[in-house]
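Novice: this one's sequence-less:
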């Protein structure tokens, strides 16, 4: 079976030297891995989460060219297609592939969150985006109340951003 490190290397290659994109998905991966492990996810859910974290912004390069920006809805729409293509030859169980594609296609959707892997991906991506986009304390406080639901993610948010 393909392991997460193989996918990490492939995503770095896929990013063609775009250090911002590489650093972003690697930070999201690190937070997702940390939160998932601390929250006690089973091994399949943990692996699904980690792969989704690596692939979550797979559509950003295309969106920059096609739309001139990386709007979340564009990322979700284009990301499902690109994630499916990226994973097609990987030795991963079909259900795991489907879940990863679903998560990539919903990583900017904060409603109807249907699993801990989904919740943790949202939290990990927010932790990184808050720094990269210099979110206000008010935005971060609102996220604490409306987005963050895991104990570990909430602790990280409070600690990192001193709220």
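Specialist: Arrived safely, thanks for sending. Since we're looking at a predicted model, the values are computed, not measured. Residues are numbered from 1 along each chain as shown.

Novice: Just give me the residue right at the centre of the chain.
Specialist: For the chain, the residue nearest the mean C-alpha position is residue 53 (3.4 Å; CA atoms, centre = their mean).

Novice: Local confidence estimate at the closest residue to it other than its chain neighbours?
Specialist: Leaving out its chain neighbours, the residue that sits closest to residue 53 by CB to CB, 6 or more residues apart in numbering is residue 32, at 3.9 Å. Placement of C-beta: from N, CA and C, glycine included. Residue 32 carries a pLDDT score of 98 in this model.

Novice: Do I have it right that residue 32 meets residue 47?
Specialist: No. In this structure residue 32 lies outside contact range of residue 47 using CB atoms under 8 Å: 11.1 Å.

Novice: Tell me which of these two has more neighbours.
Specialist: Neighbours per residue (other CB atoms under 10 Å) separate residue 32 from residue 47, with residue 32 holding more: 30 against 22.

Novice: Now that one, what are its backbone angles?
Specialist: Phi and psi for residue 32, reported as degrees, to the nearest 10, are phi -60, psi -40.

Novice: Can you work out which other helices and strands pack against the lowest-mean-pLDDT helix or strand in the chain?
Specialist: When each helix and strand of the chain is scored by mean pLDDT, DSSP states H and E, helix 60-66 comes last, with a mean of 93. Where contact means 3 or more CB pairs under 8 Å, 6 or more residues apart in numbering; DSSP states H and E, helix 60-66 is packed against helix 72-87.

Novice: Contacts for the helix it packs on, please.
Specialist: Identification of contacts with helix 72-87 by CB atoms under 8 Å, 6 or more residues apart in numbering yields 10, 14, 51, 55-60, 62-63, 66-67, 97, 100-102, 104-109.

Novice: if you set the cut-off to 7 Å instead, what comes out?
Specialist: Helix 72-87 has contacts (CB atoms under 7 Å, 6 or more residues apart in numbering) with 55, 57-60, 62-63, 67, 97, 100-101, 104-109.
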